[in-house]
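S.K.: Coordinates for the following, if possible.
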Amino acid sequence: MLRQQDVGHRIVVRRMVGIREGRPLFSDALGELVELSETHLTIATAQGRLRVPVTEVHRAKRVPPTRRPTAAAVVEVELAADEAWPAPVRGRLGDWLLRSADGWTGRANSALPVGDPDRPLPAAVDAIERWYADRGRPALVNTPLPLAVPVGAELDARGWGSRPLTLVQTVALAALPPAAEPAGAPPVTLTAAPSEDWLAVAAGRKGGLPDAARHVLTAVDRVRFAQVYADGALVATGRGTVTGQGRWLGLSLIEVAPQVRRQGLAGRVVRALADWAVAEGASHALLQVEQRNTAAVSLYRRLGFTTHHTYLTRVAPPA
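M.R.: Numbering: from 1, shown residues only. A predicted model of the protein is given here:
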């Protein structure tokens, strides 16, 4: 039988769904185990979330994870994420992207090596180092894994360091659970531009808000800013974008004030942004979260998110 350590892993469940001519009928379900209690288990399947009473489970076990995503799938998600977090200063090395935003966030201040750099790998890394040096910024490279393993090997040979591993997670919007709406709960409102209160929360989380940051946050054609007020105070925020040819909802800056956490506000913010994105034609959501942020990883697991791929932000050694 399953245990709590199986939560977050891929499982198969055979459950009894009825009886015909005195014999039990069974049905199998395959997906990620997102919740396990004494009475029920919840699986995120390709068709949506499935909640199964433990009394119906005939057999359940963990199975190997799905195959790694194709290179094309990783590139699609990475480019949608880049479009959702646009750096104001940009350059190119063939297909590779160079990005700078006054140092505000690693994503907006790093090279993205997907595709062909149109030159040998060592020359491409040399060009990255020059591009950032010309702008007085440290050279950073986001290396999607396993796609950019050769790039990582070249950076290893040069003595580059690494920041903590980041998970790139996705979910089909149809698989998101409905958000609980307690009676009298403050509403989630969406706006096309961030309020000053919203920007203050973002500044507190990211350590300031230079002009480049405002560009990153707002320079997307389809963007919404979520906010929840309680007793006159802003207690929950989030940001959603629709990019990647309209397929991807990009979620970022999901934040809940400490005094109101564990009340379902983050899930309600995500659900409100998802409903907007579905109306815009999006079918999937993506987000990026550090693996060490266990609270956030657990939240997104409960919402059905699974890890599509990972990346490391690589940091050039001091000159």
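
S.K.: ranges for the helices of the chain?
M.R.: In the chain, the helices defined using DSSP state H lie at 71-84, 121-134, 149-157, 196-206, 211-218, 265-279, 294-302.

S.K.: Most tightly packed of the ones you listed?
M.R.: Of the helices of the chain, the one with the most neighbours on average (mean count of other C-beta atoms under 10 Å) is helix 265-279, at a mean of 21. To be clear about C-beta, it is placed using only N, CA and C from the backbone, and glycine gets the same treatment.

S.K.: Next, please give the residue ranges for the strands of the stretch 1-150 of the chain.
M.R.: 10-20, 23-36, 40-45, 48-53, 57-62, 89-93, 96-100, 140-145 (DSSP state E, counting those that start in this stretch).

S.K.: Any idea which of those gets closest to residue 280?
M.R.: strand 48-53 (20.3 Å; C-beta to C-beta).

S.K.: Starting from that closest one, tell me which strands it pairs with and how they run.
M.R.: Here strand 48-53 is paired, per DSSP bridges, with strand 40-45 (antiparallel).

S.K.: how big is the angle separating the strand it pairs with from helix 294-302?
M.R.: 80 degrees (axes from the mean of the first three to the mean of the last three C-alpha atoms, to 10 degrees).

S.K.: Now render the helices of the chain as JSON lines, adding distance to residue 250 and mean pLDDT.
M.R.: Putting the helices of the chain into JSON lines (distance: least, C-beta to C-beta, whole Å; pLDDT from 0 to 100) gives the following:
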{"stretch": "helix 71-84", "distance to residue 250": "3", "mean pLDDT": "97"}
{"stretch": "helix 121-134", "distance to residue 250": "25", "mean pLDDT": "98"}
{"stretch": "helix 149-157", "distance to residue 250": "23", "mean pLDDT": "92"}
{"stretch": "helix 196-206", "distance to residue 250": "15", "mean pLDDT": "92"}
{"stretch": "helix 211-218", "distance to residue 250": "12", "mean pLDDT": "96"}
{"stretch": "helix 265-279", "distance to residue 250": "9", "mean pLDDT": "96"}
{"stretch": "helix 294-302", "distance to residue 250": "14", "mean pLDDT": "90"}
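
S.K.: of those, which approaches residue 181 most closely?
M.R.: Nearest of these (C-beta to C-beta): helix 265-279, 7.3 Å.

S.K.: Alpha carbons of that closest one, as CSV, please.
M.R.: Only the C-alpha atoms of helix 265-279 are listed here, as CSV (Å, rounded to 0.1, in the frame of the first residue of the first chain):
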residue,chain,number,x,y,z
LEU,A,265,-5.5,32.0,-0.5
ALA,A,266,-2.7,30.9,-2.8
GLY,A,267,-4.9,28.3,-4.4
ARG,A,268,-7.6,30.9,-5.0
VAL,A,269,-5.1,33.3,-6.6
VAL,A,270,-3.9,30.6,-8.9
ARG,A,271,-7.4,29.5,-9.7
ALA,A,272,-8.5,33.1,-10.6
LEU,A,273,-5.5,33.6,-12.9
ALA,A,274,-6.2,30.1,-14.5
ASP,A,275,-9.8,31.1,-15.2
TRP,A,276,-8.6,34.3,-16.9
ALA,A,277,-6.0,32.4,-18.9
VAL,A,278,-8.5,29.7,-20.0
ALA,A,279,-10.8,32.5,-21.3
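
S.K.: Go through the strands of the stretch 1-150 of the chain and pick out the most buried.
M.R.: strand 140-145 (a mean of 24).

S.K.: Identify the residues contacting it?
M.R.: 74, 78, 106-107, 109-114, 125, 128, 132, 149, 151-152, 155, 160, 168, 309-316 (C-beta atoms under 8 Å, 6 or more residues apart in numbering).

S.K.: Residue 287: what's its closest spatial neighbour, skipping adjacent residues?
M.R.: residue 251 (4.3 Å; C-beta to C-beta, 6 or more residues apart in numbering).

S.K.: got it, and residue 44?
M.R.: residue 304 (4.1 Å).

S.K.: so where is the stretch 1-150 of the chain shaky, pLDDT-wise?
M.R.: Flagging of the stretch 1-150 of the chain using pLDDT under 70 yields the residue ranges 8, 46-48, 66.
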